[in-house]
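Visitor: Sequence plus the predicted model coming up.
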Amino acid sequence: MIRVSIENLDKHIGEEVKISGWLYNKRSSGKIRFLVVRDGSGLLQSVIVKGNVTDSVFDLFDTITQESSLSVFGKIKKEERAPGGFEMEVTNVEIIHLAKEYPITPKEHGVEFLMDHRHLWLRSSRQHAVLRVRHQIIKAIREFFDNRGFVLMDAPIFTPAACEGTSTLFETDYFDLGKAYLTQSGQLYGEAGAMAHGKVYVFGPTFRAEKSKTRRHLTEFWMVEPEVAFNDLNDNMELAEEFLEHIVLSVLKHRQPELKILERNTKFLETVKKPLPKITYDEAIEILKKKGIAFEWGNDLGGTDETVISEQFDRPVIVHRYPAQVKAFYMKRDPQNPKLALAMDVLAPEGYGEIIGGSQREDDYDTLINRLDEHKLPHAPFEWYLDLRRYGSVPHAGFGLGIERTVGWICGLDHVRETIPFPRMIYRLNP
RNA sequence: UCCGCAGUAGCUCAAUGGUGGAGCAUCCGGCUGUUAACCGGAGGGUUACAAGUUCGAGUCUUGUCUGCGGAGCCA
């Protein structure tokens, strides 16, 4: 008898098949009994009727525990009453491993308990759905760049020094070379890649040692960072909106069942089409002032400010041309107004905050030297970076998209900790 | 680092300063279409830890620990 996946059951109606998986739940009404089996691809309700199986198989129902691994054998039929629309008429059951008492019951649990059992929680339907959406998002990201001639370029995880000070970096000993730091961005390396390949994207984990304690922060998270030679800020914003449109469309197209499990209202996703609204930093401040929020020009937008601004739109909004003083040294100034940086952030709707941050980069050698001095940064660690301005410097731009915040937004979750299999936060290193 | 909230059965939560309970899970029994099935029964407690107030503390006070949310910082 062939073993099939639950997701492919529609191709096996009327056939005798074998399904191997784990017991998700069981119910009974005396002489008729229901085993709900999950195999990773879906859920199947299998029915054991007294008389259709041997007594020993019928009695297995009493001993089998939640999350025991097993194979069920029987004929597949369409069944409206069953979750998923298909059902198995069981002829035989084989237990592979009888599970001990499973800690996560089909009832409510608190976050702490679930996080302590994250390795098991991943089996629950909501978590299962989130990680499938995450996979789809990552797949769509790679598709988008691969189809546009970008080259994937991995940046190092160990870095010699900070690009914006060491206070937010994790430090580790590195043999005889002193200290190494875990990367907080692959961008500078991406710029080197763009000068070699024209269009690259860096996709990897990044680390922040900030003691952030909010629903938007992890100490270890994934970021994808495209960098394109000859692009200016407008090209950069255009790339970002086409990128977001592609990601969201891909999820809407391929992950409807998951979005349904997550009870995600897709109304806020269907609007994500190019062009996205674009406002300047000054216009963003006007919005805040109209809402009666005190705000001083020159400050960065805080979490609540971002929420207020994004609530004015039914789709992600791009805010560009921030005060240079709150942005990184490598961002190019606006020739029209040197107080502004050619920076842009994308704020997700519904208060999900900044999912993209990017800019056109400073491509002039002398200006970049001045920026390093203004930010009181040493020159030596950046000599290789300055070389990019010594040898055929060109205008270029790029951005970084935070995977977990994007997953949280698309799934409609209230905390990024559920968007990654094993989240790392200040007070959580296990499991 | 700062501010706020919380910690009671394996889990989720009740309990006016006066004998610590319920649902789920576990175990036993019942039920031929269940949907977090349902019905009956049983077992299960150092009320986070330490000290204090009181005739009497899960409840009030102080300290410690842990978790959650927020601020700052950021994606």
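Guide: All right, it came through fine.
Visitor: ok, and for the helix or strand hosting A:Leu342, which residues are buried?
Guide: For A:Leu342, the enclosing helix or strand under DSSP states H and E is strand A:337-348. By 16 or more other C-beta atoms under 10 Å, the buried positions in strand A:337-348 come out as A:Leu340, A:Ala341, A:Leu342, A:Ala343, A:Met344, A:Asp345, A:Val346, A:Leu347, A:Ala348. No exception for glycine: its C-beta is placed from N, CA and C like everyone else's.
Visitor: Mind checking if stretch A:397-412 is in reach of RNA strand B?
Guide: Yes. Stretch A:397-412 is in contact with RNA strand B by C-beta under 7 Å from any atom of the strand, via A:Gly400, A:Leu401, A:Gly402, A:Glu404, A:Arg405.
Visitor: wait, what's in contact with the second one?
Guide: Applying C-beta atoms under 8 Å, 6 or more residues apart in numbering, we find A:Leu401 in contact with A:Ile141, A:Met223, A:Val224, A:Glu225, A:Ala240, A:Phe243, A:Ile355, A:Ile356.
Visitor: ok, how many other residues are close to the fourth one?
Guide: Here the neighbour count serves as a burial measure; for A:Glu225 (other C-beta atoms under 10 Å) it reads 25.
Visitor: ok, now the second one?
Guide: A count of nearby residues for A:Met223, using other C-beta under 10 Å, gives 23.
Visitor: quick one: low-confidence parts of chain A?
Guide: The model of chain A has pLDDT under 70 over residues A:162-167.
Visitor: Remind me what whichever strand or helix holds A:His128 packs against, helices and strands.
Guide: Using DSSP H and E, A:His128 maps to helix A:125-146. Packing partners of helix A:125-146 (3 or more C-beta pairs under 8 Å, 6 or more residues apart in numbering; DSSP states H and E): strand A:151-152, strand A:199-207, helix A:233-254, helix A:256-261, helix A:403-411.
Visitor: between the buried residues of strand A:337-348, which is nearest A:Arg255?
Guide: A:Ala348 (17.5 Å; C-beta to C-beta).
Visitor: Does that closest one touch A:Val407 like I think?
Guide: No. Using C-beta atoms under 8 Å, A:Ala348 is not in contact with A:Val407; the gap is 10.9 Å.
Visitor: helix, strand or coil for A:Asp176?
Guide: Taking DSSP: H, G, I helix; E, B strand; the rest coil as the rule, one finds A:Asp176 in the helix state.
Visitor: measure it to RNA strand B for me?
Guide: Noted for A:Asp176: a distance of 31 Å to RNA strand B, by C-beta to the nearest atom of the strand, to the nearest Å.
Visitor: Spit out the contact partners of that residue.
Guide: A:Asp176 neighbours (C-beta under 8 Å, 6+ apart): none.
Visitor: go on, A:Leu9?
Guide: If you count contacts by C-beta under 8 Å, 6+ apart, A:Leu9 has them with A:Val17, A:Gly42, A:Leu44, A:Ile76, A:Gly84, A:Phe86.
Visitor: Could you do A:Thr307 as well?
Guide: A:Thr307 makes contact with A:Gly351, A:Gly353, according to C-beta under 8 Å, 6+ apart.
Visitor: I'd say A:Thr271 and A:Asp314 touch.
Guide: Yes. With contact defined as C-beta under 8 Å, A:Thr271 counts as touching A:Asp314 (5.2 Å).
Visitor: can I get the CA coordinates of stretch A:210-230 in PDB?
Guide: Extracted C-alpha coordinates of stretch A:210-230, given in PDB (Å, rounded to 0.1, in the frame of the first residue of the first chain):
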ATOM      1  CA  GLU A 210      20.300  46.200  22.400                       C
ATOM      2  CA  LYS A 211      18.300  45.400  25.500                       C
ATOM      3  CA  SER A 212      15.100  46.000  23.600                       C
ATOM      4  CA  LYS A 213      12.000  44.600  25.200                       C
ATOM      5  CA  THR A 214       9.100  45.000  22.800                       C
ATOM      6  CA  ARG A 215       6.900  43.000  20.500                       C
ATOM      7  CA  ARG A 216       9.000  44.200  17.600                       C
ATOM      8  CA  HIS A 217      12.500  43.100  18.700                       C
ATOM      9  CA  LEU A 218      14.700  40.000  18.700                       C
ATOM     10  CA  THR A 219      18.400  39.800  19.400                       C
ATOM     11  CA  GLU A 220      18.900  37.600  16.400                       C
ATOM     12  CA  PHE A 221      16.900  38.200  13.300                       C
ATOM     13  CA  TRP A 222      17.000  37.700   9.500                       C
ATOM     14  CA  MET A 223      17.400  40.500   7.100                       C
ATOM     15  CA  VAL A 224      17.600  40.600   3.300                       C
ATOM     16  CA  GLU A 225      19.600  43.500   1.900                       C
ATOM     17  CA  PRO A 226      19.600  44.300  -1.900                       C
ATOM     18  CA  GLU A 227      22.300  46.700  -3.100                       C
ATOM     19  CA  VAL A 228      22.300  48.100  -6.700                       C
ATOM     20  CA  ALA A 229      24.900  50.100  -8.500                       C
ATOM     21  CA  PHE A 230      23.700  53.200 -10.400                       C
END
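Visitor: Please compute how far it lies from its chain's middle.
Guide: On the basis of C-alpha atoms, centre = their mean, to the nearest Å, stretch A:210-230 sits 10 Å off its chain's mean C-alpha point.
Visitor: is RNA strand B contacted by that stretch?
Guide: Yes. Judged by C-beta under 7 Å from any atom of the strand, stretch A:210-230 and RNA strand B are in contact via A:Glu210, A:Lys211, A:Ser212, A:Lys213, A:Thr214, A:Arg215, A:Arg216, A:His217, A:Leu218, A:Thr219, A:Phe221, A:Met223.
Visitor: Provide a PyMOL selection command restricted to the buried entries of the residues you listed.
Guide: Selection of buried members from those for PyMOL, criterion 16+ other C-beta under 10 Å:
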select buried, chain A and resi 216+217+218+219+221+223
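Visitor: Count the residues that sit near the closest residue to RNA strand B within the stretch 101-250 of chain A.
Guide: With C-beta to the nearest atom of the strand, the shortest gap between the stretch 101-250 of chain A and RNA strand B falls at A:Gly110, namely 2.6 Å. Residues within reach of A:Gly110, counting by other C-beta under 10 Å, total 8.
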